[in-house]
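J.: Sharing a model that was predicted from the sequence below.
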Amino acid sequence: MSANSIIETKKATIQFNGLTAVDNVDFRMQAGEAVGIIGPNGAGKTTFFNLLTGLYLPTEGNILFAGRDITRVPPYKRVTLGIIRTFQLVSVFDSLPVIDNLALSTIRFGENYGSKWKFFFTDVHGEKIMKNCLDQLDVMGISDKADLMTSELSYGDKRKLEIAVALSLNPKILLLDEPFAGLSDQEITEVSVIINKVKATLSLVIIEHKISRIVDIVKRLCVMHEGRLIADGPPEQVLSDATVREVYWGKEEGLTCSV
Amino acid sequence: MERADTRLIKRSIWQYLDVPIIAVAFLIILPLLGINRTTDFIIFCIFVLGFNILYGFMGRLSFGHMLYLGTGAYTMTIFSEHISQNPLLAILASIVAGALIGVILGPIIVRTTGACFALINLAFCQVGFFLVLVAFSRQTGGEDGMSANFSKLSFLNFGNKAVVFGFVLFCLLLTYYFLKKFTSSPFGVLIKSIKENETRVKFLGYNTFTYKWVTFIISTTISAFSGALSILNYGYVTPSFIDPTRAVEVIFAALIGGSGSLYGSIIGGVVYMTISNYLASYIPRWEMFLGFALLVVVFRLRTGVWGFIVGMFNKRQKVLEG
Ligand SMILES: Nc1ncnc2c1ncn2[C@@H]1O[C@H](COP(=O)(O)OP(=O)(O)OP(=O)(O)O)[C@@H](O)[C@H]1O
Ligand SMILES: [Mg+2]
């Protein structure tokens, strides 16, 4: 069964001193699928990502990537497998110039990494490395800001930078944790155009509160509530589900406007 | 859309003329301080560079760096006593010893961060101090220390203070150049990234443990190198070379100069040494003034003396441009 699934969890559970943040989640997706995860605050969505990416080890259950058990594989190795994520609170290196943020990710799977010598002694601001980095910034449309300090960027540009970094790591599966939070309407549109563009080449999971913003990106929606997966299916079906409506009742304006 | 011209990033004239500037600066100080003191200053600057690669660049503050300096100093002396009096071989042996102690202690030490990192270094330093002072006092001369004698090389006569000065200055420039290559490579970006957010670096696909270990080894090696050079200069080793309480010196120097830059390390080294050498001969309790200097740095010049100079320079340029 799991032969052609890209990622799969079996009874994934994690507890934090008594609190079950992710509770018995069975989840699987095919390569090339785009899945949205919604759910109220504290539902366990981010924690679920943390399990998939190896930041936390599950208390119980297993995680499989392309049929292989990766439950105990450390985060950096999962990255080499192609499991790439962004963070709910945008996470880039404020103390570095924008362009340097991309140096490590573009090199990681490039020629300079294989040769240790080059990794330690080539000039990171040399033409070749910089060209690759600028190309990646171009994808997100922020290459004009390459030589600013990252701390000078707006939140939206930082998000774009973070996604550029993620894409430069050649993701097989890309996990975006609330990529639109804190962005202006226009920035949301710009980012979702890009996500829609790259979607064809990878598997995608998006956590998002603004349901109306992801229904045109994903064909499948999962709902988490109190650590459990309470609904899973095509967006229209999930959003009309009675339990889902009850969980969200009066809490989420996005739900009504997108059905 | 216009691409930014990244060739301009961090490409100021300082980046190209740095090695000659440092050399000339020390040649200028030479007549002011005299040859012994200048040599001393330079050796200390090498130590600050070694310390700062770990603290300023990777964000790991060690309270026990005297251990690595002492490893170099004692290896230098003991090597000359028992194996060979060739000073270059002895320096090489000290460098190897410094690398070895980094290789051995690294896996334990680099797992930790923050206060734990600082204190575990200190703990190892205490152990080293005890070993030298008590356990192996017959080999090390214990409290009295022991003298180190080196043979004269035909092409490098270290009996001549001018030769020592030239050699030590060359060592500083070499260390500086090596670290400059290092910190402007992808590896340099990696350790600066670890300083800011190690977890994030793991999610870029890097096993941060390995790189922290490598950085630690570089730091211990350079520290041992400077320890060996001190012995070349003094010809005598005492337990003060491995005294844990002296760790503050290098920490102060790094703070004064500005923690995240190589220039800063050298300036910090010179400023610290100036304060401790000269204030001490005029004022009996000079440490108080060092304390004041530090307060100024902490509250007024957060980026250190070098960071302050760069800031001033940038501000002026902005005024000129706009
Ligand atoms: N490291 C941790 N230690 C203790 N509790 C945690 C930890 N991480 C998450 N939790 C708890 O687990 C629950 C789920 O948190 P999680 O961040 O996964 O929710 P979420 O669905 O992402 O919510 P939001 O929409 O607000 O981002 C919360 O109650 C949270 O307090
Ligand atoms: Mg969350």
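T.: In hand now; what should we look at? Residues are numbered from 1 along each chain as shown, chains lettered A, B, ... in the order given. Ligands and ions are numbered 1, 2, ... in the order given.

J.: ok, B:Gly106 touching B:Ile217?
T.: Yes - the criterion here is CB atoms under 8 Å, and B:Gly106 meets it with B:Ile217 at 6.0 Å. To be clear about C-beta, it is placed using only N, CA and C from the backbone, and glycine gets the same treatment.

J.: what about whichever helix or strand A:Thr13 is part of and ligand 1, touching?
T.: Assigned by DSSP states H and E, A:Thr13 belongs to strand A:5-16. Yes - counting by CB under 6 Å from any ligand atom, ligand 1 is contacted by strand A:5-16 at A:Phe16.

J.: which residues touch A:Leu89?
T.: Taking CB atoms under 8 Å, 6 or more residues apart in numbering or on different chains, we find A:Leu89 in contact with no residue.

J.: my read is it is in a strand, agree?
T.: No - with DSSP: H, G, I helix; E, B strand; the rest coil as the criterion, A:Leu89 is coil rather than part of a strand.

J.: tell me the SS of B:Lys195?
T.: Following three-state DSSP, we place B:Lys195 in the helix state.

J.: Quick one, grab the pLDDT at the closest residue in space to A:Glu226 that isn't next to it in sequence.
T.: Computed as CB to CB, 6 or more residues apart in numbering or on different chains, the closest residue to A:Glu226 that is not its neighbour in sequence is A:Ala43, at 6.6 Å. What the model reports for A:Ala43 is a pLDDT of 91.

J.: on that earlier part again, can you give the distance of the strand holding A:Thr13 from its chain's centre?
T.: Here strand A:5-16 is found 16 Å from its chain centre; the criterion is CA atoms, centre = their mean, to the nearest Å.

J.: With just CA atoms, put that strand into CSV.
T.: Output in CSV follows, covering the C-alpha atoms of strand A:5-16 (Å, rounded to 0.1, in the frame of the first residue of the first chain):
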residue,chain,number,x,y,z
SER,A,5,2.9,7.2,-0.9
ILE,A,6,5.4,10.0,-0.4
ILE,A,7,4.7,10.4,3.3
GLU,A,8,2.7,8.4,5.7
THR,A,9,2.2,8.4,9.5
LYS,A,10,0.9,5.4,11.4
LYS,A,11,-0.8,6.2,14.7
ALA,A,12,1.5,9.2,15.2
THR,A,13,1.2,10.4,18.7
ILE,A,14,3.1,12.9,20.8
GLN,A,15,2.5,14.0,24.4
PHE,A,16,3.9,17.0,26.3
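
J.: ok, it: who's next to it in the sheet?
T.: Sheet pairing for strand A:5-16, assigned by DSSP bridges, gives strand A:19-30 (antiparallel), strand A:60-65 (antiparallel).

J.: Of these, give the one that comes closest to ligand 1.
T.: Nearest of these to ligand 1, taken as CB to the nearest ligand atom: strand A:19-30 at 3.3 Å.

J.: Show me what the helix or strand following the closest one is packed up against.
T.: Once the chain leaves strand A:19-30, the next helix or strand it forms, by DSSP H and E, is strand A:34-38. Packing partners of strand A:34-38 (3 or more CB pairs under 8 Å, 6 or more residues apart in numbering or on different chains; DSSP states H and E): helix A:45-53, strand A:203-207, helix A:211-214, strand A:220-225.

J.: Quick one: closest of those to B:Phe167.
T.: Among the helices and strands packed on strand A:34-38, the nearest to B:Phe167 by CB to CB is helix A:45-53 (51.5 Å).

J.: coming back round to it: any chance of the strands paired with strand A:5-16 in TSV, plus mean neighbour count?
T.: As requested, the strands paired with strand A:5-16 are exported to TSV (neighbours: other CB atoms under 10 Å in any protein chain shown):
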stretch	mean neighbour count
strand A:19-30	18
strand A:60-65	18
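
J.: burial of B:Val134, as a residue count?
T.: 12 (other CB atoms under 10 Å in any protein chain shown).

J.: and the strand holding A:Thr13 with helix A:45-53, angle?
T.: If you take axes from the mean of the first three to the mean of the last three CA atoms, to 10 degrees, strand A:5-16 sits at 120 degrees to helix A:45-53.

J.: Report pLDDT for B:Gly260.
T.: Among the per-residue scores, B:Gly260 shows a pLDDT of 78.

J.: And for A:Ile83?
T.: Predicted confidence (pLDDT) for A:Ile83: 96.

J.: still on that earlier bit, turn the strands paired with strand A:5-16 into TSV, columns for distance to B:Val19 and mean pLDDT.
T.: TSV is the format used below for those (distance: least, CB to CB, whole Å; pLDDT from 0 to 100):
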stretch	distance to B:Val19	mean pLDDT
strand A:19-30	55	93
strand A:60-65	49	94
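
J.: any chance of those strands in a markdown table, plus distance to A:Thr243?
T.: Formatted as a markdown table, the strands paired with strand A:5-16 follow (distance: least, CB to CB, whole Å):
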| stretch | distance to A:Thr243 |
| --- | --- |
| strand A:19-30 | 15 |
| strand A:60-65 | 23 |
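
J.: Got the phi and psi for A:Ala231?
T.: phi -160, psi 150 (degrees, to the nearest 10).

J.: what about it, how many residues close to it?
T.: 19.

J.: Tell me if I'm right that it and A:Val223 touch.
T.: Yes - counting by CB under 8 Å, A:Val223 is a contact partner of A:Ala231 at 4.2 Å.

J.: wait, which of the helices and strands packed on strand A:34-38 is closest to B:Gly291?
T.: So among the helices and strands packed on strand A:34-38, helix A:45-53 is nearest, using CB to CB, at 44.8 Å.

J.: how deep is residue 174 tucked in, by neighbour count?
T.: As the question left the chain open, I've gone with chain A. Neighbours of A:Leu174 (other CB under 10 Å): 25.

J.: my question was about chain B
T.: For B:Leu174, the tally of surrounding residues (other CB under 10 Å) stands at 13.

J.: and it, what helix or strand is that in?
T.: helix B:161-183.
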